[in-house]
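> structure, please.
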Amino acid sequence: MGRITESIERTNSYVIYGAQILAASVYTALNRLCGRKPRLFVVSDIKDNPSYIDGIKVIPLNDYTGDELIIIAAPPYFSEEIESLLDDKGFLRHITIDNDCENELMKEYYQLVSPERIPGSKAVNVNRPSIYMAKTCHDKSLKSICSHDECVYEIQAGAALTSEHISDLTDDTGDNISLKNGDYCEMTVTYWVWKNIRSEYKGICHYRRWWRLDDIGELNGYDVYLPYPNVYYPGAYVHHIRFVAEEMWDTFLEFFRGYDSALCNSFGEFEQGQYLSNYNMLIASNEVFNSYASWIFDILFSFEKYLSDRQIQPPKRYMGFFAENLTPFYFLYLHKELRVSYIGKDALI
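Sure thing, here's the model as predicted:
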């Protein structure tokens with residue numbers, strides 16, 4: 001039993017501070033592992049937050065009057081501010097879900113609900129395969145603590161759009177779509193790796209979010225590795241509505257129905273489920289990586305042409321957001337025959 005679950009077992013009641021991705025995932029894990037639901041979800045401001053999560057009320061901190069243990073489940077860059085806020089208001093019993101706690105908790109949860117997807121439980125051996133891990137870099141002012149393992153190669157994303165180079169490797173060499181980075185985000189590096197790299201395994205992470213490389217020695221025996229899926233209420237579709245305007249999402253679905261109506265219907269079913277591996281992060285065998293990339297870029301390029309033909313001006317980063325939904329759809333729904341594993345990640349912000 002992990003640190004957080006032990007703390008829940010020892011307390012009579014608890015609440016969760018937060019009401020977005022991390023909070024919902026932490027809630028799901030604690031409820032399954034401990035059989036204990038929080039009394040409430042508490043947030044700094046109810047604006048832009050749901051009113052309920054799985055039937056449990058979400059309230060602003062100013063309305064909270066309890067003295068329970070508070071589990072802070074918010075992005076790392078908010079944690080210190082929230083801790084100070086709670087202390088100032090006299091709420092001194094709190095535990096923050098940092099990177100270590102999140103990975104420990106989600107691993108414990110998925111060992112229970114999907115043990116076959118946790119490295120070590122079904123690995124062929126513990127010899128590290130050959131991996132080319134691309135860590136996308138874009139903002140030199142933010143430095144991650146991602147260990148510089150010999151398999152990690154920092155690649156500047158969108159290098160064709162600037163004269164300033166922040167990495168020896170750039171995504172504007174060879175066969176590339178670097179000029180599309182403003183819309184495609186880290187997917188321009190995914191494309192570059194697809195077209196220019198051959199390795200037993202190929203992976204993508206970011207300067208803000210990166211894999212726990214200590215796990216790599218246990219990866220052998222799987223086709224693809226994804227971050228522990230986040231859990232959404234009432235379904236995964238709530239993820240896209242936070243980042244893509246409803247009109248734009250409807251346009252995508254209209255395109256998708258014309259592209260492949262059966263595939264679009266399956267996508268709709270997938271988004272009614274609760275699990276989504278975010279961030280366009282993956283590690284996959286060379287063959288699986290290339291098949292995935294061929295599939296997703298055909299959709300994205302076709303959608304781009306669809307918009308251009310209709311003179312529809314999309315918002316920035318739109319392709320990156322759509323890819324973030326399509327990537328887990330491909331691996332968790334369309335290709336259930338693949339041996340999929342979940343591994344931990346760390347986040348800078």
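> for the rest of this, base every contact and every neighbour count on C-alpha atoms.
Noted.
> show residues contacting the helix or strand containing Glu6.
For Glu6, the element it lies in under DSSP states H and E is helix 3-10. Helix 3-10 has contacts (C-alpha atoms under 8 Å, 6 or more residues apart in numbering) with 14, 30, 33-34, 36, 101, 105.
> farthest pair within the residues you listed?
Largest separation among those by C-alpha to C-alpha: Arg36 and Cys101, giving 17.9 Å.
> show me the strands in the stretch 1-150 of the chain, by range?
Listed in chain order, the strands of the stretch 1-150 of the chain (DSSP state E, counting those that start in this stretch) span 14-17, 41-43, 52-53, 56-60, 69-72, 94-96, 131-137.
> show me what contacts the residue positioned nearest the centre of the chain?
Centroid check for the chain by C-alpha atoms, centre = their mean gives Asn278 as the closest residue, at 2.3 Å. Going by C-alpha under 8 Å, 6+ apart, Asn278 touches 227, 229-230, 324-325, 328.
> if we go to 10 Å?
226-230, 239, 321, 323-328 (C-alpha atoms under 10 Å, 6 or more residues apart in numbering).
> distance check, it against Ile21.
Distance, Asn278 to Ile21, using C-alpha to C-alpha, to the nearest Å: 10 Å.
> ok, now Leu282?
19 Å.
> mutual contacts of Asn278 and Ile21, please.
230, 239.
> sorry, back to before: pick out whichever of Leu282 and Ile21 has more residues nearby.
A direct count of neighbours by other C-alpha atoms under 10 Å for Leu282 and Ile21 places Leu282 higher, at 24 against 17.
> pLDDT score assigned to that one?
At Leu282, the pLDDT value in this model is 96.
> gap between it and Ile16?
29 Å.
> before we move on, what about Gly55?
As judged by C-alpha to C-alpha, Gly55 and Ile16 stand 14 Å apart.
> what do you get for Met106?
Using C-alpha to C-alpha, Met106 is found at 16 Å from Ile16.
> those two: which is more packed in?
With neighbours defined as other C-alpha under 10 Å, Met106 and Ile16 compare such that Ile16 has more, 26 against 23.
> that one touches Leu61, doesn't it?
No: the criterion here is C-alpha atoms under 10 Å, and Ile16 misses it with Leu61 at 11.0 Å.
> now list whatever residues contact both of these two.
Common contact partners of Ile16 and Leu61 (C-alpha under 10 Å, 6+ apart): 41-43.
> export the residues you listed to TSV and tack on pLDDT, neighbour count and distance to Arg257?
What follows is the shared contacts of Ile16 and Leu61, written out as TSV (pLDDT from 0 to 100; neighbours: other C-alpha atoms under 10 Å; distance: C-alpha to C-alpha, whole Å):
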residue	pLDDT	neighbour count	distance to Arg257
Phe41	98	29	38
Val42	97	23	39
Val43	96	23	38
